[in-house]
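>>> Using only what follows, build the 3D model:
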Amino acid sequence: MIQQTISNMGGSNLDIVVLAIWGAIFLFLAYKFVQAICLVPTKSAYVVERLGKYRCTLEAGFHLLLPFIDRVAFIQDLKEETIDVPPQECFSKDEVNVEVDGVIYIEVIDSLKASYGITDYRFAAMQLAQTTTRSVIGTLDLDRTFEERDVISAKVVEVLDKAGESWGIRVHRYEIKNITPPDTVKNAMELEVNAERERRAILAKSLGDKASRINRSEGLMTEMINISEGEKQRRINSAEGKAAQIIAIAQATGDSIAKIAIAIEQPGGQQALDLQLTEQYLQQMQGLSQANRKVILPANLLDFKQWLAVSGIK
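Numbers count the residues shown, from 1 in each chain. Here you go, the predicted structure:
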């Protein structure tokens, strides 16, 4: 009885173990079948191997694989990515040690080459960028390394593009982030920059002072010329005005004399002239009564005609 009970318990335990094994197998098969369903996102590529050999490259979309036979060996991201190039020490042509770092912008264009052409294209691109940067900086003086960043970047991109043909990648650009010289060189460069800045300031100030003096002298010269021209024109205008005045007076006097002569020749003209002169004579005689006036008169004041004859008026 006891032996039968023990045998029954042993049989039930064995059944549980068998059920557990079959359950595990079922779960494993279900996992494999689920794993065979492959959903590839946009801008990604899945490299599939069948029994260890390359079979195909899956692009974005829904795909089914054969369980236990096909497997996704590599997953490549087709979006452009950046890779930081860590700082490294480089020697310039004039034997100055500088520290340079940068960043690479690359993109996978051939998933098959990126998977099988090289073990790690990111690490390889970073190493090649560092070695190329060292070689290019070694051909430049320290001062030119700060000015020729574009030359250094273009050379690194050119070398990486040639290597990228076999790696299945395309290098869009390489940018140098920092070029850091030693502190002693940096201090010397700052002193040189300050000296150059002061030299330019002094030169600019002297040129400004020179231009200011030239402008002031030219202004004074122009002012003096304008003043002299104005004075000359004023005198010319004044002389012309006086000449015109004299000519006008002379013409008027001549006209008046001519008219008087014509009037005298008319009947009664001489009598009218005598009458007018007599009136003017009498008017002038009225002023003889002033105490402070001295007048020299002819002996016979009553002989008016004789006075006019002596004076040459008549």
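>>> in the chain, which spans are strands?
Applying DSSP state E to the chain gives strands spanning 37-40, 44-50, 53-58, 61-64, 70-77, 81-91, 97-108, 169-180.
>>> Identify each buried residue in the last one, please.
Residues 169, 170, 171, 174, 175, 176, 179 are the ones in strand 169-180 that count as buried (16 or more other Cβ atoms under 10 Å). Placement of C-beta: from N, CA and C, glycine included.
>>> what's near enough to touch residue 35?
If a contact means Cβ atoms under 8 Å, 6 or more residues apart in numbering, then residue 35 has 65, 67 as its contacts.
>>> Same question for the one 5 residues further on.
The contact partners of residue 40, by Cβ under 8 Å, 6+ apart, come to 46, 58, 59, 60, 61, 62, 63.
>>> can you list those in TSV and add pLDDT?
Converted to TSV, these look like this (pLDDT from 0 to 100):
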residue	pLDDT
46	91
58	87
59	87
60	86
61	84
62	87
63	84
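>>> filter those residues to the buried ones?
Members of these classed as buried by 16+ other Cβ under 10 Å are 46, 58, 63.
>>> so what does the top helix by length along the chain touch, helix or strand wise?
The residue-count maximum for a helix in the chain (DSSP state H) belongs to helix 183-265. Helices and strands touching helix 183-265, by 3 or more Cβ pairs under 8 Å, 6 or more residues apart in numbering; DSSP states H and E, are helix 269-285.
>>> quick one on the thing from earlier: now, among the contacts of residue 40, which is nearest to residue 215?
residue 60 (72.9 Å; Cβ to Cβ).
>>> related to what we said a few turns ago, now for the contacts of residue 40: which two are most distant?
46 and 62, at 11.9 Å, using Cβ to Cβ across those.
>>> which residues are in contact with both of the two?
38, 40.
>>> Identify the residues contacting residue 80.
Neighbours of residue 80 in contact, by Cβ under 8 Å, 6+ apart: 105, 106, 107, 172.
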